[in-house]
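Visitor: Build me a structure from this.
(chains A, B and C)
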Amino acid sequence: MIADLLSNFWVLLAVKVLIVAALIPVAGLVVGFAELKLSAKMQSRVGPYFAGGRWGWAQLLADGIKFFQKEDIVPENADRPVFKIAPALVLMGAVALWVVIPWGPGLVFRDLDVGIFYALAISSISTIGVLMAGWASANKYSLIGGLRAAGQLIAYELPLVLAVVGVVIMAGTMSLEGIVRAQAGWFGEGGPGLPFVIPQFVGFVIFMIAALAELTRIPFDMPIAESELVMGYLTEYSGFRFLFFFLAEFSNMFALSAIAATAFLGGYWMPGLTESQLTFAGPLILVAKVMVLVFLMIWFRWTFPRLREDQLQTLAWKWLIPIALVNIVATGILKVVI
Amino acid sequence: MSIDHDTLRHLSEVSVAVELETPEMTLNIGPQHPSTHGVLRLVAKVDGERCYDVQPVIGYMHRGYEKLSEVRTYPQITTIINRIDWVSGYANEIPFIVAAERLMELEVPERAQYIRLILTEMARIASHLVFNASYPLELGAATPLFFALRERERVLDLLEGVTGGRFHPNFNRIGGVKPAYGAGSQTRKLAQDLPKGFLAETRQAMDRVLEVCDELEDLVAGNEIILARTKGIGTIPPEVAAAYGVSGPNLRASGVRFDLRKVEDYLPYDRFDWEVPVGENGDCWDRWWVRLQEIRQSAKIIQQAIDSIPSGPLQAKVPKVIKVPKGETYVRAENPKGEMGYYLISEGGLGPYRLKIRSASFSNISILPWLLEGVLVPDIIAIMGSLDFVLGDVDR
Amino acid sequence: MTTSPSDTATPTPDPLADYAAQVAEAVGGEVVPAKATVKVKVPTDRWVEALTIARDELGLVFFSWLSAVDWSNQVEVGDPPEEEVEERIELLCTVADISDGRRVTFSTDLDHDQPVVDSLIDVYPGADWHERETWEMFGVDFVGHPNLVHLYLPERFIGNPLRKSFPLLSREVKPWPGKVDVEGMPEEEEQESPTTENPGR
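Guide: Numbers count the residues shown, from 1 in each chain, chains lettered A, B, ... in the order given. The predicted structure is shown next:
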C-alpha cells in the first residue's frame, strides 16, 4: 500500500519536499543552538539558560516565534517586490542544496550525475538574493554590503569549484553518491577505504576557506560587518524576513558542511559497516561529520576578526586559486601514476 | 624607437581618463552607529570603498559643563566632571581637585595621595580594558571582549567598594579623599578608611589583570588577521600628533616617550618604579600595544603603592565652606585617554569664575579629518576605534 | 618637573619664574602671575608671531588648548569678580613640549564687544576645533580660519553661551537650591584616628 503510493512520482515528490521542509528548520536550529552554546563556552559565558527549562534548548524556537510576531517593515523608498523576494531567494538556495546530499546508500533525494557541480552552482543563488536585498533596501550600508557580497561570490566561487576538481578527478565521477562509493572502495571492495581528505588535504582546506567566504561568516563577513556597515544587507530587514536570512545562513552552513563531508570525509560511509547497516547508520554518521565541520566554522567565527575587502580579494586571487590549480595538476599526475 | 618618460606619463594619464567614472556617495556614519562610541557623526565622501573626505560632526552630547561649573560650588563641581569621561570617571576628578588645592595652598595627607593614586591607576586599567574589549570587536573578533570585561568588572567592584560608585565615584574632596562610607560626622572613625581587605584584594586583582593581559596578548597579538588589519594603518607621525594636540597613549604610540605622570607631580608617581611604553610607528597596532603595556605598568604601580601606603589622616584641615582664594592655575594630568587639564580662574568666590576643561578625546579626534583622508571604509572604523575616545570627553 | 604643592607654599627662588621670564623675553610679552603655571601676556597683534616663536624656538610643539575668559563686571550667572575689572575678552592658549614637561599659557586681551584676532591654524593645525569652539562660545572672530561654523551648538543658535552676559535658562526658571554646600567637613579630633595601623589590609 505505502510502496504503491510511493511509486507514484507526485506522491514521492511531495514526501521528499515535506522531509526537506521539515529537516531544514531542524538543521538550522541545531546549528544555531550549537553556535550559541559553543560561543558561550569559548567566551566563558553560560549562554542561553532559561528557555525550555534545560540548557535553554528552546531559545531559538522562542526567538523564531518572536520574529514572527514582529512587524514586517519595508522602507519607504525600497524596491518593494525585490525587497520582499530576496529573503525567499536566499532560503531557496539553501533548500536546493539539500537535494543532492546522500544520507546513506540510495538515501538521497535526487542523485544527479553532476551532483557536486549542481550543489556548488545552486549555493551561489543565495548571493544573488543578498545582492538583491542590498540593492532593494534603498540604504547605503545595505548597498555596500550587497556589493561586497557580490565581489566575494565572484572571488570565492572559483577556489570552491577548483578545490573540488581534485576530488572529482580522484573519484572519476561528479555524483556525490559516486564520490562516497569511490572513497569507500578505494582499496577494493571491503577494504579500509580512503577519505579524500588525506590525498586532497590542500583541496579540503581551500574548500573550507571558500565555503566560509560563501557563507559570509567571520573572517569573511564583510557583507554584514556590524561594526562598519551596521548590519550590511540585513540593515533594513525585520521580522520573519530577517528570520529567513538567519535560517538560510544556518541551513547553508549545514548543507555546505555536508557537501564537504561527503566530498572529503567519506560522507555517510564509515569503515567496517556493511551496506545495510549504513542505510540506518548513514544519516547519523553524516550528521556527526557535519557537526565536526560546523564546530570548526563556529570556532573560526569566535576566534578571528574580519578581513578587509581588499585582503579578502588578495587571499582569493593570489593564494587560493593558484594553489588550487597546482593541486589539480598534482592530482592529475597522481592519478596517472597510480 | 624610444619613448621618453614624459610621453609615458602622458599615456598613463590617458588610460586613467577613459576609466569608468563612478559618482561619489556621501556616507553618513552615525550619530547612531555601532562603532562610533556614542553619538559621534562622520560625514564621509566615499568612492566605492575608498573615502577621500571625512568631516566629524560633534556636539550631540554637549552638556555645557564649563558654563555649569560657573554656577556651582567647588565640591559640587566634582560630581559633574565625573561625567566627562565616564569610562574612567575617577581620573577626571584629580586634576580639578589638585587645581583647587594648589590655589588654596593645601598640603594633602600622604595617605590620601596614595589612595588617589591607586584609584586613578585602577580607573586607567578599567578604561584600557574597555578599549581592549571594544577594539577587537570593531575589527570583528568578539571573544576578547569577554576576557577584558570580566577583569574590568573585578576592578570596578573594588573601586565601588571604596567609593560607592562604579562609574562616577565622586570620591575626592578638596584636601583629601572622602572617607569610605558613613555620611554623618559622628560615626566617622577608623572604619571609614579603606574597606577591610581592600588592599589584599586589590593585589590579587592586579595579579589577575596581569594574567588577562597575557591572555589578551595571546588572543590578539598572535592573530594574523588582526595584524593585517592594524599594522601600518592610520599612522600618525609624532610632529603631526603634537600639532593637533593628540596626547596620551596615542602620542606615545607614535614613539614619543612622554608621560605627564613622569613630568608633572600631581600625584606621587616618582616614588615608584615603572616605565613608559612607547610604540614604533604610530599605527593602530602600536596604539593597541601601548595600551596593553600601560595596563601592566599600572598594575605594577598599584602593587608598589599597596606595599608602601602610609598610615595617617585622609583629609587636610579645610574650612567648612570652601572658598578658593583669588588666582589662576592650570593643572594637567595623564588620564587614560590623554592629557586632561583644568584651567581654573578663581575670584575668591564659592565657585570658579571660569573653568576651562581641556579634555583629551576632543583633541585626539580633531585629527580625524587629516587621518582618514584616502582610507578604506573598514579602516575608518579600525582607525577611529584605535584612538579610544569617549563622546562625553569630546563634547563635555 | 614644573611644580609641586610644596613648592607653592615656600617662596624660594622658583625655576618656573626664570623660565617664565625667558619665554616672555623671547616672545616679547610680559609675565602674568599664575600659580604653578607660566603665563605670558602678549599684545594682540603679536599673537600669531608669539606662538610661532614658541613653536619654533622654544620647542613648544604640543598644542594643548585654546579658549577665552569673559572678564565682565555685570554677570548673569555665577559670582562677579572680587573687584572691578577692565572689561575684556582674554584669549588663552596653552602649548607645551613633549619631552621635559614645560608648558606655557599665552594670553592676550581682546576688545569686549568686537573681539578679533588672527587664527593660529597655520601654526598649530589643532587650533581648528578650539577656535571654532571659542568663536561660538565667546564670539571671538578668528581672522584666517577657513571654517568658522558651529561646533557644538545647532547651526541657527544665537548668542555666545560662555559669555557672562548669557543667562542660564534653568536658573532663570528656578534658583539653584544647592548654592551653599550643606555637608559639613570632618571634625578635628576625628582626623587623627587611623594613625597606628594601616586599615584596608
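Visitor: For chain C, list the residues in contact with chain A, please.
Guide: Within chain C, no position lies close to chain A (C-beta under 8 Å from any C-beta of the partner chain). Just so you know, the C-beta spots here come from the backbone N, C-alpha and C atoms, and that holds for glycine as well.
Visitor: Please work out which residue of chain C is closest to chain A.
Guide: C:Glu155 (23.5 Å; C-beta to the nearest C-beta).
Visitor: ok, the closest residue to that residue other than its chain neighbours - how many residues close by?
Guide: Leaving out its chain neighbours, the residue that sits closest to C:Glu155 by C-beta to C-beta, 6 or more residues apart in numbering or on different chains is C:Val149, at 7.4 Å. By the measure other C-beta atoms under 10 Å in any protein chain shown, the count of residues near C:Val149 is 9.
Visitor: The one 10 residues further on too?
Guide: As a burial measure, C:Gly159 scores 12 neighbours (other C-beta under 10 Å).
Visitor: Quick check: residues of chain A near chain B?
Guide: A:39, A:42-45, A:140-141, A:144, A:218-219, A:221-222, A:225-228, A:230, A:302-311.
Visitor: Separate out the buried members of the residues you listed.
Guide: Buried members of those, scored by 16 or more other C-beta atoms under 10 Å in any protein chain shown, are A:39, A:42-43, A:140-141, A:144, A:218-219, A:221-222, A:225-228, A:230, A:302-309, A:311.
Visitor: ok, back up a step: surely the residue nearest to C:Glu155 is in a strand?
Guide: No. Counting by DSSP: H, G, I helix; E, B strand; the rest coil, C:Val149 is not found in a strand; it is coil.
Visitor: That one and C:Arg156 touch, don't they?
Guide: No. With contact defined as C-beta atoms under 8 Å, C:Val149 does not count as touching C:Arg156 (11.5 Å).
Visitor: Tell me which of the buried ones among the residues of chain A next to chain B fall in helices.
Guide: Within these, residues falling in helices by DSSP state H are A:39, A:42, A:140-141, A:144, A:226-228, A:309, A:311.
Visitor: For those residues, give me TSV that also has pLDDT.
Guide: Shown next, in TSV, are those (pLDDT from 0 to 100):
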residue	pLDDT
A:Ser39	87
A:Met42	84
A:Lys140	85
A:Tyr141	86
A:Ile144	86
A:Glu226	76
A:Ser227	77
A:Glu228	78
A:Glu309	82
A:Gln311	85
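Visitor: And B:Gly279, how far from B:Leu227?
Guide: 14 Å (C-beta to C-beta, to the nearest Å).
Visitor: How about B:Gly392?
Guide: 32 Å.
Visitor: Looking at those two, which is more packed in?
Guide: Neighbour count, other C-beta under 10 Å: between B:Gly392 and B:Leu227, B:Gly392 has more, with 24 against 13.
Visitor: For whichever residue of chain A sits closest to chain C, which residues are in contact?
Guide: Of all residues in chain A, A:Lys140 sits closest to chain C, at 23.5 Å by C-beta to the nearest C-beta. Each residue near A:Lys140 by C-beta atoms under 8 Å, 6 or more residues apart in numbering or on different chains is listed here: B:25, B:27-28.
Visitor: Just the closest of those residues to chain C, please.
Guide: Nearest to chain C out of the contacts of A:Lys140 is B:Asn28 (C-beta to the nearest C-beta; 16.3 Å).
Visitor: In a strand, that closest one, correct?
Guide: Yes. Membership of B:Asn28 in a strand is supported by three-state DSSP.
Visitor: Now do the contacts for it.
Guide: Contacts for B:Asn28 were tallied using C-beta under 8 Å, 6+ apart; they are A:140, B:41-44.
Visitor: Please spell out the PyMOL selection for the buried subset of those residues.
Guide: Listed next is the PyMOL selection for buried residues among the contacts of B:Asn28, using 16+ other C-beta under 10 Å:
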select buried, (chain A and resi 140) or (chain B and resi 41+42+44)
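Visitor: how far away is B:Thr163 from chain C?
Guide: Shown here: B:Thr163 relative to chain C, a distance of 13 Å by C-beta to the nearest C-beta, to the nearest Å.
Visitor: buried sites along stretch B:335-354?
Guide: So, applying 16+ other C-beta under 10 Å, buried residues of stretch B:335-354: B:335-347, B:349-354.
Visitor: Determine the next helix or strand in the C-terminal direction from the longest helix belonging to chain B.
Guide: The helix that spans the most residues within chain B, counting by DSSP H, is helix B:110-139. Under the assignment DSSP states H and E, the closest C-terminal helix or strand after helix B:110-139 is helix B:143-163.
Visitor: How far away from the center of its chain is the helix or strand following that following helix?
Guide: Downstream of helix B:143-163, the next assigned helix or strand under DSSP H and E is strand B:172-173. Centre-to-centre, strand B:172-173 and its host chain are 20 Å apart (C-alpha atoms, centre = their mean, to the nearest Å).
Visitor: got it, and stretch C:42-53?
Guide: Distance, centroid of stretch C:42-53 to centroid of chain: 17 Å (C-alpha atoms, centre = their mean).
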